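In: Sequence first, then the predicted structure, then my questions.
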Amino acid sequence: MDGENRTSVEFKLSNEKKVVGWSYRYINEKKYVHSSSFPRGKFLYGEHLLGSAKDCVVVEGFFDVLKVYQTGYQVVGILGTNCTKVQFVRLINMLPPSVDSRIILFLDGDTAGSMASKKIYDEYSSLYKIVVVDRLIGQDPSDLTEEQLNEILSKYSVGRRDETEGRQI
């Protein structure tokens, strides 16, 4: 493919203070490419969007974050199926201190998402209350309509984010 024009979708990766990297994916390819200096295992996509909602939905990817956030929930993406201890501790330190606070794992509905949900639950449920969402087989959160997302998340009584705290994605 050398010399060919290739269309890609790009995401600027930033926290409240600065750009920390870039990620892009060529159309019709499955993998994202991250800038070489990007600290993927230390970053949560959408972390700058976190507000005071007691629950935080954790998803895998960029489009999942966009869809769940637009539907009205507090959400971050772990950028894949691996959630490092650094990411997890970072997340729980960003959430409001409350005995009612929960992390809602809503990973993709494929085998990798299912295995990752089990691994994350097993590794970190002793540190924080984690709820694993039963996914629709073969579907990612970004594949669902707002109505379907609301229906699924309401089964777990997931609190919606405060719209007055809305920030730009």
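Out: Thanks, I have it. Numbering: from 1, shown residues only.
In: Surely Q139 is in contact with F106?
Out: No. In this structure, Q139 is not within contact of F106 by CB atoms under 8 Å, at 11.0 Å. Placement of C-beta: from N, CA and C, glycine included.
In: When these two are compared, which one has more neighbours?
Out: Remark: of Q139 and F106, F106 carries more neighbours, 29 against 14, as counted by other CB atoms under 10 Å.
In: ok, now which ones touch the closest residue to that one other than its chain neighbours?
Out: Nearest residue to F106 in three dimensions, chain neighbours excluded: V133, at 4.3 Å (CB to CB, 6 or more residues apart in numbering). Listed by CB atoms under 8 Å, 6 or more residues apart in numbering, the contact set of V133 reads 104-106, 152-153, 156.
In: same question, L149
Out: Applying CB under 8 Å, 6+ apart, the residues near L149 are 67-68, 71, 73, 141.
In: Mind doing that once more with 10 Å?
Out: 57, 67-68, 70-73, 106, 141-142, 158 (CB atoms under 10 Å, 6 or more residues apart in numbering).
In: Equivalent analysis for V65, please.
Out: 11, 44-46, 49, 57-59, 75-79, 141-142, 169.
In: one step back: farthest-apart pair in the contacts of L149, please.
Out: S142 and V158 (16.9 Å; CB to CB).
In: Check what pLDDT the residue sitting nearest the centre point of the chain gets.
Out: Nearest to the mean C-alpha position of the chain, by CA atoms, centre = their mean, lies G77 at 2.0 Å. With respect to pLDDT, G77 scores 96.
In: Check the spacing between it and S126 real quick.
Out: For G77, the distance to S126 (CB to CB, to the nearest Å) stands at 23 Å.
In: Between S142 and V158, which has more neighbouring residues?
Out: Regarding S142 and V158, a neighbour count based on other CB under 10 Å identifies V158 as having more, with 24 against 17.
In: Only whichever of the contacts of L149 are buried, select them in PyMOL.
Out: Isolation of the buried members of the contacts of L149 (16 or more other CB atoms under 10 Å) is achieved in PyMOL through the command below:
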select buried, resi 57+67+68+71+72+73+106+141+142+158
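In: who does the helix or strand hosting S117 touch, helix- and strand-wise?
Out: Taking DSSP states H and E as the definition, S117 sits inside helix 111-124. In this structure, helix 111-124 packs against strand 55-59, helix 85-94, strand 102-105, strand 130-132, with contacts taken as 3 or more CB pairs under 10 Å, 6 or more residues apart in numbering; DSSP states H and E.
In: If you count neighbours, what's buried in it?
Out: Result for helix 111-124 [16+ other CB under 10 Å]: buried residues 113-114, 116-117, 120, 124.
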